[in-house]
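**Student:** show me how the following folds:
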Amino acid sequence: MGDAPTEGPDVLIEKDGKVGKLTLNRPERLNALSVSMMRGIEQGLKEFDADDNIHVVILKGAGRAFCSGIDIREVADQHFNVTAHEDRQHTDRLGLWFHHTFWEFRKPVILQLHGYCYAGACYFLGVTDLVVAADDAMIGAPESKSFGLEPSLGMWPLTLGPRWTKALLFTGDALDGATAERIGMINKAVPEAELDEYTNWLAKKISLTEMPILALHKQTVNMIYDVIGFYPMLKTGLIFDHMEHREEKFNELLRRVKEDGVRPALEWIYGPTGGILTKGAPSFLDGPEGERRWLESQGR
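**Tutor:** A predicted model of the protein is given here:
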């Protein structure tokens, strides 16, 4: 998508004093999450967990985006024309991986967003601890228009309530980072030029607290949400995601991915621009006038 292919690991693992950093490193794919990247994340978190000098972790993305979602090529390989049982296995494995890898990780994880955080990338919103975003980052669940949903729903039902969650799912629209901060979806939005500085500053501020204390604080808050029902919510979301996969449109999309490629498949769903990859596209908050102005600016 305009970014040069990278060499080296799909996930960069760094230590900066008491701060561990994981960087998704497939910028040419807008860091679409692959099985290889998941293994890299696991490796990094395992290293950080074993090192008691690391108090807090930052997760971010290289290039123009944090993450555009689960790699749809791999989704096609795993889900196209499979049995219901196989689909359930793949769907459950992914959802439970996020929960066990991040929610149950004992140290705080700060999610740093820029560019896009779409579709399956919203899993990270649901299971990390703090979220900082560029004020123009785009966050949303466009897959709800075509082929399912992210089963934890980014934890939106428990953080945003039903109205915002339903509006995002029903429309498939994305919200910018500034709006996301205003409604409580994230902790802080800053200009993209200040994003690294702010996130590093926040991580180092947190790292001044002893690691065992931070771990207990995280466990305390997570336990409350466990009692409220976060894990059963995820399990229920996995069931409904699997049900949506049995709809004809899902299999047709995956067929087009395999036979025609990703871009033509996305254009079939979202129109000539690929829809979701057009920065600044209007949301339901902009209303009909905002949509008209945007279409005119695009020459459409």
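**Student:** lowest-confidence helix or strand of this structure?
**Tutor:** helix 262-270 (a mean of 83; mean pLDDT, DSSP states H and E).
**Student:** helix or strand right after that one?
**Tutor:** Going down the chain from helix 262-270, the next helix or strand is helix 287-297, by DSSP states H and E.
**Student:** which helices and strands sit right next to the least confident helix or strand of the chain?
**Tutor:** Using 3 or more C-beta pairs under 8 Å, 6 or more residues apart in numbering; DSSP states H and E as the contact test, the elements touching helix 262-270 are helix 72-79, helix 248-260. The way it works is simple: take the backbone N, C-alpha and C, and place the C-beta from them, glycine included.
**Student:** just those: most buried one?
**Tutor:** helix 72-79 (a mean of 19; mean count of other C-beta atoms under 10 Å).
**Student:** thinking again about what came up before, of all the helices and strands packed on helix 262-270, which one comes closest to residue 174?
**Tutor:** Residue 174 sits nearest to helix 72-79 of all the helices and strands packed on helix 262-270, at 17.1 Å, using C-beta to C-beta.
**Student:** for the record, mean pLDDT for the closest one?
**Tutor:** Mean pLDDT, computed over helix 72-79, is 88.
**Student:** what's the helix or strand for the nearest residue to residue 245 once chain neighbours are set aside?
**Tutor:** The spatial neighbour of residue 245 that comes closest, neighbours along the chain excluded (C-beta to C-beta, 6 or more residues apart in numbering), is residue 87 at 5.2 Å. When secondary structure is defined by DSSP H and E, residue 87 falls within helix 84-98.
**Student:** helices and strands around that helix, which ones?
**Tutor:** Against helix 84-98 (3+ C-beta pairs under 8 Å, 6+ apart) you get helix 72-79, helix 122-127, helix 230-245.
**Student:** what packs against the shortest one?
**Tutor:** This means helix 122-127. Counting by 3+ C-beta pairs under 8 Å, 6+ apart, helix 122-127 packs on helix 84-98, strand 138-140.
**Student:** give me the pLDDT for the residue positioned nearest the centre of the chain.
**Tutor:** In the chain, the residue lying closest to the centroid (C-alpha atoms, centre = their mean) is residue 121, at 1.8 Å. At residue 121, the model reports a pLDDT of 93.
**Student:** list the buried residues for the least confident helix or strand of the chain?
**Tutor:** For helix 262-270, the neighbour count (16 or more other C-beta atoms under 10 Å) marks 262, 265-270 as buried.
**Student:** just the CA coordinates for it, please, in CSV.
**Tutor:** The C-alpha trace of helix 262-270 is given here as CSV (Å, rounded to 0.1, in the frame of the first residue of the first chain):
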residue,chain,number,x,y,z
VAL,A,262,-7.4,-8.4,-1.6
ARG,A,263,-8.0,-5.1,-3.3
PRO,A,264,-10.7,-6.3,-5.7
ALA,A,265,-12.3,-8.2,-2.8
LEU,A,266,-12.4,-5.0,-0.6
GLU,A,267,-13.7,-3.0,-3.5
TRP,A,268,-16.6,-5.5,-3.9
ILE,A,269,-17.5,-4.8,-0.3
TYR,A,270,-16.7,-1.1,0.1
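**Student:** now the angle between helix 72-79 and it, please.
**Tutor:** 80 degrees (axes from the mean of the first three to the mean of the last three C-alpha atoms, to 10 degrees).
**Student:** which residues are in contact with the residue nearest to residue 245?
**Tutor:** Contacts for residue 87 (C-beta atoms under 8 Å, 6 or more residues apart in numbering) come out as 79, 242, 245-246.
**Student:** and with 10 Å instead?
**Tutor:** 78-80, 241-243, 245-246, 250 (C-beta atoms under 10 Å, 6 or more residues apart in numbering).
**Student:** now residue 232
**Tutor:** Per C-beta under 10 Å, 6+ apart, neighbours of residue 232: residue 226.
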